[in-house]
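Engineer: my questions are about this predicted structure, shown below with the sequence.
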Amino acid sequence: MSNDSIRVLVSWHAATESLYRNLLAELVSKGIEIKAIVPTWWDEGSKKTVFEKQQYDNYKIVSTPTVFTNHIRAFFYPDVLKIYKEIADFKPHIIHIMEEPFSLAAYEFITMSKLLKPRPKTILYSYENIDFQQKFPYSFFQSYNLKNSDAMTVIPLESVSIWKNRGFRKAIYTIPPGVDTTLYEESVGIKRQDIIHKAKNAFKIGYAGRITPEKGIETVVMAVAILKDRGRDCVFFIAGGGTHKGELQKVISDAGIKDLVYFLDVISQNEMPSFYNSLDVLVLPSLTTNRWKEQFGRVLIEAMASKTPVIGSSSGEIPTVIGNAGLIFRENDALHLADSIQKLMDNKELSAEFSNTGYQKVHENYTWSKVAENYIKVYKELLSI
């Protein structure tokens, strides 16, 4: 069976956001026939995203309402007959359920797959990197889905052992998310003038993402305060939104650096390259909690694609993603972070080295084309081609 004859049905809530659909477009460009099913809207990255078809959506895509939207475990598609008909008409060889194995949505698609003749292969998908017991009914969904699936693709390396421990005995493949490198190459040198104006000649530190406690933004705030006490000239820009903003503003005020921290709110994906281009370093200061630790850190590869140096905490997958392309500090250690930032402030050659190494790493591992190639290998292996 050649690529041209492989039909893959993809269920993926994140594909409501157009940037994730670059993967589907790449699969199609490499000969895979794709049909996607996505929600009509989803809250991705602290902002509501309503599905809109794009020019590059060169495949069949169905957007339909969901119930319990925005809840990874509980959401599902209520129009079961419509979904089943869309799947049956497509006659997929593979159903790639890009939802967590304990989710109701995954249970829904696996149940429908069992009604098809011949039954397609089914692949689960996971970002899990903390092993904890699911409560009913999600424990039931998980058990059922693991028993009735043929393979799994995961993002964090730690996820492999977790799912083996939970009883999955089929193949598990580690495949990272990708980034649209063309978006960053087309924006080389384009900077946000508001950042340049506010920073003047100061060293520009940035964060992008959700403003929530587990993201550890306070660690950067305290590191900036330490650098200020050392007489170092730096400013901190926060791009994102979230429920923790009020508490964070109090921390900033108490640290006495209100004049050194700026909130830019949520930035659109098309504006992110100019944000990264304006920075001297991007910091991802995530904290590990009982229920969460950083599962990947997409902003890291986006910054690296922009040739912006990165510093990340030791939480979860961050050290793996950064590797030798940046610096790692002990999570929740503001002094260690301040020392790491100062190292880049004092060593332009090291910053340039990280810029080039990060850029190269992205192009070798994290382009959507490379990610699509990895998925195609899985599809062919599953179909024994």
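Structural biologist: Looks like it arrived, so ask away.
Engineer: from here on, just use CA atoms for contacts and neighbour counts.
Structural biologist: Noted.
Engineer: got the domain ranges for the chain?
Structural biologist: Domain segmentation of the chain under automatic domain parsing yields 3-178+367-382, 182-365.
Engineer: format the ones you listed as TSV; extra columns: mean pLDDT and mean neighbour count.
Structural biologist: Compiled in TSV, those are given as follows (pLDDT from 0 to 100; neighbours: other C-alpha atoms under 10 Å):
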stretch	mean pLDDT	mean neighbour count
domain 3-178+367-382	95	18
domain 182-365	95	19
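Engineer: can you name the residues that contact the spatially most central residue of the chain?
Structural biologist: Centre of the chain computed as the mean C-alpha position; nearest residue by C-alpha atoms, centre = their mean is Arg298, 4.4 Å away. Counting by C-alpha atoms under 8 Å, 6 or more residues apart in numbering, Arg298 touches Pro177.
Engineer: which phi and psi does it have?
Structural biologist: Backbone torsions for Arg298, taken as degrees, to the nearest 10, come to phi -60, psi -40.
Engineer: tell me which strands and helices the helix or strand hosting Asn356 is in contact with?
Structural biologist: Using DSSP states H and E, Asn356 sits within helix 348-365. Counting contacts by 3 or more C-alpha pairs under 8 Å, 6 or more residues apart in numbering; DSSP states H and E, helix 348-365 packs against helix 298-305.
Engineer: may I have the helix it packs on as CSV, with CA atoms only?
Structural biologist: Extracted in CSV, the C-alpha atoms of helix 298-305 (Å, rounded to 0.1, in the frame of the first residue of the first chain):
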residue,chain,number,x,y,z
ARG,A,298,5.6,24.8,22.4
VAL,A,299,6.8,28.4,23.0
LEU,A,300,10.3,27.0,23.3
ILE,A,301,10.5,25.7,19.7
GLU,A,302,8.7,28.8,18.4
ALA,A,303,11.4,31.0,20.0
MET,A,304,14.1,28.7,18.8
ALA,A,305,12.7,29.0,15.3
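Engineer: and that helix with helix 348-365, angle?
Structural biologist: Here helix 298-305 runs at 110 degrees with respect to helix 348-365, directions being taken by axes from the mean of the first three to the mean of the last three C-alpha atoms, to 10 degrees.
Engineer: from the chain's centroid, how far away is helix 298-305?
Structural biologist: Taking C-alpha atoms, centre = their mean, to the nearest Å, one finds the center of helix 298-305 at 10 Å from the center of the full chain.
Engineer: run through who's touching the next helix or strand after it.
Structural biologist: Next helix or strand after helix 298-305 toward the C-terminus (DSSP H and E): strand 310-313. Applying C-alpha under 8 Å, 6+ apart, the external contacts of strand 310-313 come out as 281-287, 300, 303-304, 318-319, 322, 325-332, 340-341, 354.
Engineer: quick one: strands adjacent to strand 310-313?
Structural biologist: Note on strand 310-313: by DSSP bridges, its sheet partners are strand 281-284 (parallel), strand 326-329 (parallel).
Engineer: measure the residue lying farthest from the centre of the chain to Lys135 for me?
Structural biologist: Distance from the centre of the chain peaks at Gly231, with 36.0 Å (C-alpha atoms, centre = their mean). Taking C-alpha to C-alpha, to the nearest Å as the measure, Gly231 falls 52 Å from Lys135.
Engineer: which ones are touching Gln269?
Structural biologist: Per C-alpha under 8 Å, 6+ apart, neighbours of Gln269: Leu19.
Engineer: chain neighbours aside, what residue packs nearest to Glu100?
Structural biologist: In space, and not counting its chain neighbours, Glu100 is closest to Ser126: 5.0 Å by C-alpha to C-alpha, 6 or more residues apart in numbering.
Engineer: over to Ala105?
Structural biologist: Closest residue to Ala105 apart from its sequence neighbours, by C-alpha to C-alpha, 6+ apart: Phe76 at 4.7 Å.
Engineer: any idea what the one you found is bridged to?
Structural biologist: Going by DSSP bridges, Phe76 forms beta bridges with Val67.
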